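Peer 1: Using only what follows, build the 3D model:
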Amino acid sequence: MQKRSKIGIQGFRGSFNDQACQLYCEDHGIQEPEVVYLYRTEKVLRALDAGDVDFGLFALANSLSGVLMESVQAMGEYLFSVQDVFDMPVTYSLIAKKGATLKSITTIMSHPGILAACKGVLATQYPEKRLSTGEGILTDQAAAAAYLSEPGSPDTVAVLAPKICADLYGLSALVPDIGAPKNTTTFVWCKKR
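Peer 2: Next up, the predicted model:
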């Protein structure tokens, strides 16, 4: 019996990192991987270094918002072997609780890189909305979407995230594609050196 590959990724279930991991595994014949959601690049590289995962995946840059400093800083702390670097197109959806409307939303939350990538569209189309990066794990767009699905979470918050998060967390895609300029995120696939 073949051992399942254990892959540590930056990000939460439904994140662009999660989608990139699925895409990479499909393209490279990695069947039924065990995905470990580690949220931060530093945690991915630490788990890789400790031998807790077989491979790691994290975002390095976005064509609109630039380099992810979190990843650059983490890369300086660990020795690892880069196996592949690849780009994936990304599209941002505005996701909220079922029943919410654009009028009822006062705050748009997402990862700082996503807010930066969508800066122009947000300023033009949603100038009255407050922008928030959340705190702690809620800076991850998919984690923020998961949070919105919890009882007691605010009804006035929407998240910029992959559209798949609406289905995963029982939410509504208020705007399936906010119309940000076409862009890609660059991902790193790595293993222990």
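
Peer 1: rest of the way, CA atoms for contacts and neighbours
Peer 2: OK.

Peer 1: Domain-wise, how is the protein divided?
Peer 2: According to the domain assignment given by automatic domain parsing, the chain is divided into the following structural domains: 6-90+183-192, 93-175.

Peer 1: need these in CSV with mean neighbour count and mean pLDDT, can you?
Peer 2: What follows is the domains of the chain, written out as CSV (neighbours: other Cα atoms under 10 Å; pLDDT from 0 to 100):
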stretch, mean neighbour count, mean pLDDT
domain 6-90+183-192, 19, 96
domain 93-175, 19, 94
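
Peer 1: can you tell me which helix in the chain is longest?
Peer 2: Within the chain, and with DSSP state H defining each element, the longest helix by residue count is helix 16-27.

Peer 1: which element follows that one toward the C-terminus?
Peer 2: Following helix 16-27 in sequence order, the next helix or strand is strand 34-37 (DSSP states H and E).

Peer 1: So which residues make contact with that next one?
Peer 2: Applying Cα atoms under 8 Å, 6 or more residues apart in numbering, the external contacts of strand 34-37 come out as 4-13.

Peer 1: now that strand, how far from the chain's geometric center?
Peer 2: The gap between the average C-alpha position of strand 34-37 and the chain average comes to 14 Å, counting by Cα atoms, centre = their mean, to the nearest Å.

Peer 1: so what's the nearest residue to Lys163 once chain neighbours are set aside bridging to?
Peer 2: If the residues on either side of it in the chain are set aside, Lys163 comes closest to Ser93, at 5.3 Å by Cα to Cα, 6 or more residues apart in numbering. Note on Ser93: beta-bridge partners Ala161, judged by DSSP bridges.
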